[in-house]
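Engineer: kindly generate the corresponding structure for this input.
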Amino acid sequence: MVLLIVAPIAIYETVFVIAPIVQGALMSFQDIRLGASSGEFVGFAQYERLVSDPNFFNSLGVTLVFALSVVVFAVGMGLGTALLVNRPFRGRGAVRGLMTAPWAFPEIATVLVFIWIFNPSFGIINLIAPWAQGAGGWLTSSPLSLVSIIIIATWKNFPFYSIVILAALQSVPDDLHEAAIVDGANGWQRFRHVTLPAITPTLALLALLAFIFSFKQFALIWLTTGGGPSRSTETLVISIYNTAFKFFDYSYGAAIGVTCLLVTIVATALYALVQRRVDRMEG
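Structural biologist: Residues are numbered from 1 along each chain as shown. Below is the predicted model of the structure:
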C-alpha cells in the first residue's frame with residue numbers, strides 16, 4: 001500500500017526533476033551549440049571557460065546582491081507586518097486579506113504596474129524621488145535598475161513571509177508574555193527575549209526559502225529590464241536563458257545552470273549545519 005502511494009510521486013520526481021537535472025549535468029560536459037552540435041565529450045572545458053568569463057562573475061555578483069537584499073527586505077517587511085496585524089484592532093481581518101494582494105497578483109500584472117510607477121515621465125515615484133530623473137531613470141540606469149527589481153521582488157513576495165511569520169507568532173504561548181509583563185519587561189524586551197527566540201527557526205527557514213526563490217527569479221527581471229542596462233540586472237538565471245536560447249550555446253548554459261544548482265545546495269547545507277548546531281546548543 002505504501003509503495004502504491006509513493007510510486008506516483010517517485011515517478012513524477014524522476015521524470016520531471018531528476019532526469020532533467022542529470023541531462024543538464026551531462027550536457028555541461030559536452031559541446032552542443034547551434035550549427036556545431038557535435039555533442040562530443042569535452043570534459044571540464046565548459047567549466048574552465050566559466051571560471052575565466054567575467055560576465056559569469058558579474059552575473060553571480062548581481063544574483064547574490066539581489067537575493068540577499070530580497071532576503072533582508074522581504075523577510076524584514078514580513079516580520080514587521082506580521083507583528084502589526086497580530087495585534088488586535090478593528091478591521092484586522094480585512095487588513096490581513098488586503099495584505100496578501102501583492103502575493104496574489106500575477107507577475108505580468110505586477111511588472112506592468114511597476115513599469116508605470118517607474119516611468120520617467122509620469123511615474124508616481126518621481127514625486128517621491130525626483131532626483132532619479134537626473135540619474136537616468138529607475139529602469140534605464142545601472143545603479144537604479146537593480147534597486148528597482150529588488151523593490152518589485154520585495155513587494156511581490158513579502159506577504160507570503162508575513163503569513164508564515166504570523167502563524168508562528170500565534171503559536172507563541174501567551175503565558176510567556178504574561179510572565180514577562182509581570183517581571184516588568186517592556187514591549188521591546190518581550191519581543192527580544194520571548195517572541196524572537198520562539199520564531200527564530202521560522203525566520204531562518206524563510207530566509208533560506210527567500211534566498212532560493214530570489215536566486216531563481218526570472219519573470220520579474222526578464223519582463224522589467226531583461227538583464228540590462230549593460231548587464232546590471234543580469235542574474236545567473238537570465239544569463240542561462242541568454243546563453244542557451246539567445247546565443248544557442250546549450251552546453252555552456254547547462255554549465256551555468258549546474259553552478260546555480262551547486263550554490264543553492266551549498267546554501268541549504270549551511271542552513272542545515274547552522275540549524276543542527278542551534279539544536280545542540282538548545283539541547
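
Engineer: for the residue positioned nearest the centre of the chain, give me its contacts.
Structural biologist: The residue lying closest to the centre of the chain (Cα atoms, centre = their mean) is residue 214, at 1.8 Å. Counting by Cβ atoms under 8 Å, 6 or more residues apart in numbering, residue 214 touches 66, 67, 70, 71, 153, 157. Bear in mind the C-beta positions are built from the backbone N, C-alpha and C, glycine included.

Engineer: closest to residue 19 out of those?
Structural biologist: Residue 19 has its nearest neighbour among the contacts of residue 214 in residue 67, at 26.9 Å by Cβ to Cβ.

Engineer: any idea which helix or strand comes after the helix or strand of the chain with the lowest mean pLDDT?
Structural biologist: For the chain, counting by mean pLDDT, DSSP states H and E, helix 131-134 ranks last in confidence among helices and strands (a mean of 60). Next helix or strand after helix 131-134 toward the C-terminus (DSSP states H and E): helix 142-170.

Engineer: ok, residues contacting the helix or strand following that next one?
Structural biologist: On the C-terminal side of helix 142-170, the nearest following helix or strand under DSSP H and E is helix 174-182. Contact with helix 174-182 is made by 189, 190, 193, 194, 195, 198, as judged by Cβ under 8 Å, 6+ apart.

Engineer: ok, now how distant is the closest residue to the fourth one other than its chain neighbours from residue 206?
Structural biologist: In space, and not counting its chain neighbours, residue 194 is closest to residue 176: 4.9 Å by Cβ to Cβ, 6 or more residues apart in numbering. Taking Cβ to Cβ, to the nearest Å as the measure, residue 176 and residue 206 are separated by 22 Å.

Engineer: residue 46 reaches residue 254, doesn't it?
Structural biologist: Yes: Residue 46 is in contact with residue 254 according to Cβ atoms under 8 Å; the separation is 7.5 Å.

Engineer: find residues that contact each of those two.
Structural biologist: With Cβ under 8 Å, 6+ apart, residue 46 and residue 254 have common neighbours residue 28.

Engineer: give the buried residues for the helix or strand harbouring residue 63.
Structural biologist: In the assignment (DSSP H and E), residue 63 maps to helix 54-85. Within helix 54-85, the residues scored as buried using 16 or more other Cβ atoms under 10 Å are 56, 59-60, 62-64, 66-71, 73-75, 77-79, 81-83, 85.

Engineer: same deal with stretch 85-93?
Structural biologist: Of the residues in stretch 85-93, those buried (16+ other Cβ under 10 Å) are 85, 86.

Engineer: what does that stretch contact?
Structural biologist: 95, 96, 99, 162, 166, 169, 170.

Engineer: rebuild these as TSV, extending it with neighbour count, distance to residue 137 and pLDDT.
Structural biologist: Formatted as TSV, the contacts of stretch 85-93 follow (neighbours: other Cβ atoms under 10 Å; distance: Cβ to Cβ, whole Å; pLDDT from 0 to 100):
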residue	neighbour count	distance to residue 137	pLDDT
95	13	34	84
96	17	35	84
99	19	30	86
162	27	31	95
166	21	37	93
169	18	40	91
170	10	43	89
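
Engineer: so where do the helices sit in the stretch 151-283 of the chain?
Structural biologist: Using DSSP state H, counting those that start in this stretch, the helices of the stretch 151-283 of the chain run over 174-182, 187-190, 196-215, 219-224, 236-241, 250-282.
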